[in-house]
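In: okay, here's the prediction I keep looking at, along with the sequence it came from:
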Amino acid sequence: MSVGWIILIALIILNIVAFLAFVWDKHKAKNDQWRTKESTLIALAFFGPFGATIGMLAVRHKTRKLKFKLVYIFLVLHIAIIIVLAFLGKLAFLTQPFS
């Protein structure tokens, strides 16, 4: 398995974790229970902005707080990195079989 595939799988897992963290925190907020620290949610959003954005919007959680606008900046940053990597031909591993 190439390094590219390992990084891609790690990023997918991080986005799933970020999504679940936002959904779980919303669940906890609704039930007046212990919550996830905001710094933890921001850190997860930095590494998994796709999942964090989908989680925020799906359950309408933390969408009004100013510091969580960072999630959208992280998302744009990740998209820009993907575009640059594609332009540089660094995503060619995606066209090869997974092994």
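Out: Cool, the structure landed.
In: spatially nearest residue to residue 57, not counting backbone neighbours?
Out: When the adjacent residues along the chain are set aside, residue 57 lies closest to residue 63, with 6.9 Å between them (CB to CB, 6 or more residues apart in numbering). Where you see a C-beta, it was placed from the backbone N, CA and C, and this is true even at glycine.
In: now that neighbour. Its backbone dihedrals?
Out: Per-residue torsions, residue 63: phi -80, psi -20 (degrees, to the nearest 10).
In: how far away is residue 98 from residue 22?
Out: Between residue 98 and residue 22 the distance is 29 Å, computed by CB to CB, to the nearest Å.
In: more neighbours: those two, which one.
Out: Set side by side, residue 98 and residue 22 show unequal neighbour counts under other CB atoms under 10 Å, the larger going to residue 22 at 28 against 10.
In: got the contact list for the more buried one?
Out: By CB atoms under 8 Å, 6 or more residues apart in numbering, residue 22 lies in contact with 41, 51, 52, 55, 56, 59, 61, 62.
In: what helix or strand is the fourth one on?
Out: Read it as residue 55. For residue 55, the enclosing helix or strand under DSSP states H and E is helix 49-59.
In: give me the number of residues near residue 88?
Out: The number of residues packed around residue 88, counting by other CB under 10 Å, is 9.
In: what's the answer for residue 38, then?
Out: Neighbours of residue 38 (other CB under 10 Å): 13.
In: look up the closest residue to it, ignoring the ones flanking it.
Out: In space, not counting the residues next to it along the chain, residue 38 is nearest to residue 67; the distance is 7.0 Å by CB to CB, 6+ apart.
In: the one you found contacts residue 42, correct?
Out: Yes - using CB atoms under 8 Å, residue 67 and residue 42 qualify as a contacting pair, with a distance of 6.8 Å.
In: and these two? which has more neighbours close in?
Out: Remark: of residue 67 and residue 42, residue 42 carries more neighbours, 16 against 11, as counted by other CB under 10 Å.
In: sec struct for that one, please.
Out: Three-state secondary structure (criterion: DSSP: H, G, I helix; E, B strand; the rest coil) places residue 42 in helix.
In: also the one 4 residues further on?
Out: Remark: residue 46 carries the secondary structure label helix [criterion: three-state DSSP].
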